[in-house]
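**Q** This is a predicted model, with the sequence first.
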Amino acid sequence: MKGLIFALAILFLILVFSFAYADEKDLDLTKVSITFEERKELTPDIFQMFLSVNVLTNKEREAINMLGDVDKEIRTIGLNYSGGNYSIYKNCWWEKEKRKCSGFRGTLNYNFQLKDVKEGNKILEIIDSFKEKYGASLNYSLSEPQWILSEKTRKSAEEELKLSLLDTAKAFLKKLSNKLEKKCSISHVDYDLKAPSFREFSAFQARSAEQAPIEAPEPKKEKQVITINANVKYVCR
């Protein structure tokens, strides 16, 4: 029994000295946190615009066929887009607390990502020809035409900025070690990306058949800035 008590006393003393040594080491530990920032100005390389085609017909089949004609023509010109989703539903409204329905409505939506504004004009000319063909049964609108950065351009710039931030962090590491007269190392790097903001433009409504060929206004290709902050943590002993 006395041997057990003695062993426990020795274990307790070892733990006390271990904690004391750890505290002493922690007192000699210096932690530094600093944020670096890198910015890059880029010229946007993609012209983006959203197109919505709307139809109003007496029969559901007519609405489907009209939107099908438009979609077929859009696909033949071979421009880059996403979407092409559509919906067909009854044309209903409330009148004197009663729901009334007459005919069908259809909507077809596209998000185009083009290399040139002239490609956008080509799309509008095609859609406008359907406006002339179907008259009041078809309408369309163009919204938020703007120049944006392609994913390839954006990712390339982000990688370049992150590598530059690491170079800055490593250069600061050497200065920090010399200043504190300690051996320092980078323990953590956390990136914070600030994406460029886009300016929104008012919607372009379909013209009448008597107007001149479409030459939509061209949004200015304004420089866009990508900013990345790097919060870097250092440990010095």
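**A** Looks like it came in fine.

**Q** Check this structure for its longest strand and report it.
**A** Ranked by residue count under DSSP state E, the longest strand found in the chain is strand 98-114.

**Q** Pull up the pairing partners for that one, direction included.
**A** strand 46-57 (antiparallel), strand 81-95 (antiparallel) (DSSP bridges).

**Q** Looking at the ones you listed, which is nearest to residue 189?
**A** Nearest to residue 189 among the strands paired with strand 98-114 is strand 46-57 (30.4 Å), distances taken as CB to CB. (Glycine included, C-beta is placed from N, CA and C.)

**Q** Show me what the helix or strand just after the closest one is in contact with.
**A** Going down the chain from strand 46-57, the next helix or strand is helix 60-76, by DSSP states H and E. Contacts to helix 60-76, defined as CB atoms under 8 Å, 6 or more residues apart in numbering, come from residues 53, 55-57, 81, 84, 86, 88, 104-106, 108, 110, 123, 126-127, 130, 134, 137-138.

**Q** Can you turn the buried part of the residues you listed into a ChimeraX selection?
**A** This is the ChimeraX syntax for the buried subset of the contacts of helix 60-76, where burial follows 16 or more other CB atoms under 10 Å:
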select :53,55,56,57,81,86,88,104,105,106,108,110,123,127,130,134,137,138
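
**Q** could you give the angle of the helix ranked longest in the chain to strand 46-57?
**A** Selection of the longest helix in the chain by residue count, based on DSSP state H, yields helix 151-180. Here the directions of helix 151-180 and strand 46-57 differ by 140 degrees (axes from the mean of the first three to the mean of the last three CA atoms, to 10 degrees).

**Q** For helix 151-180, the averaged confidence score.
**A** In this model, helix 151-180 carries a mean pLDDT of 95.

**Q** Can you name the element that comes right after that helix?
**A** Counting by DSSP H and E, the next helix or strand C-terminal to helix 151-180 is strand 184-194.

**Q** mind listing what's buried in that next one?
**A** residue 184.

**Q** In terms of secondary structure, what does it contact?
**A** Contact analysis of strand 184-194 by 3 or more CB pairs under 8 Å, 6 or more residues apart in numbering; DSSP states H and E lists strand 30-42, helix 151-180, strand 224-236 as its packing neighbours.

**Q** show me what contacts residue 233?
**A** Contacts of residue 233 by CB under 8 Å, 6+ apart are 31, 32, 33, 186, 187, 188, 189.

**Q** so which of those residues comes closest to residue 155?
**A** Taking those together and measuring to residue 155 by CB to CB, the closest member is residue 189, at 18.4 Å.

**Q** helices or strands next to the longest helix of the chain in the packing?
**A** strand 30-42, strand 184-194, strand 224-236.

**Q** Any idea how far the shortest one is from the middle of the chain?
**A** So the one you mean is strand 184-194. Centroid separation between strand 184-194 and its chain, computed with CA atoms, centre = their mean, to the nearest Å, is 23 Å.

**Q** same thing with the first one?
**A** Using CA atoms, centre = their mean, the distance from the centre of strand 30-42 to the centre of the chain it belongs to is 22 Å.

**Q** which residue sits closest to residue 100 in space, ignoring its chain neighbours?
**A** residue 93 (6.0 Å; CB to CB, 6 or more residues apart in numbering).

**Q** what about the one you found, distance to residue 104?
**A** From residue 93 over to residue 104 the distance is 13 Å, taken as CB to CB, to the nearest Å.

**Q** Mean pLDDT for the helices and strands packed on helix 151-180 - can I get that in JSON lines?
**A** Compiled in JSON lines, those are given as follows (pLDDT from 0 to 100):
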{"stretch": "strand 30-42", "mean pLDDT": "95"}
{"stretch": "strand 184-194", "mean pLDDT": "94"}
{"stretch": "strand 224-236", "mean pLDDT": "95"}
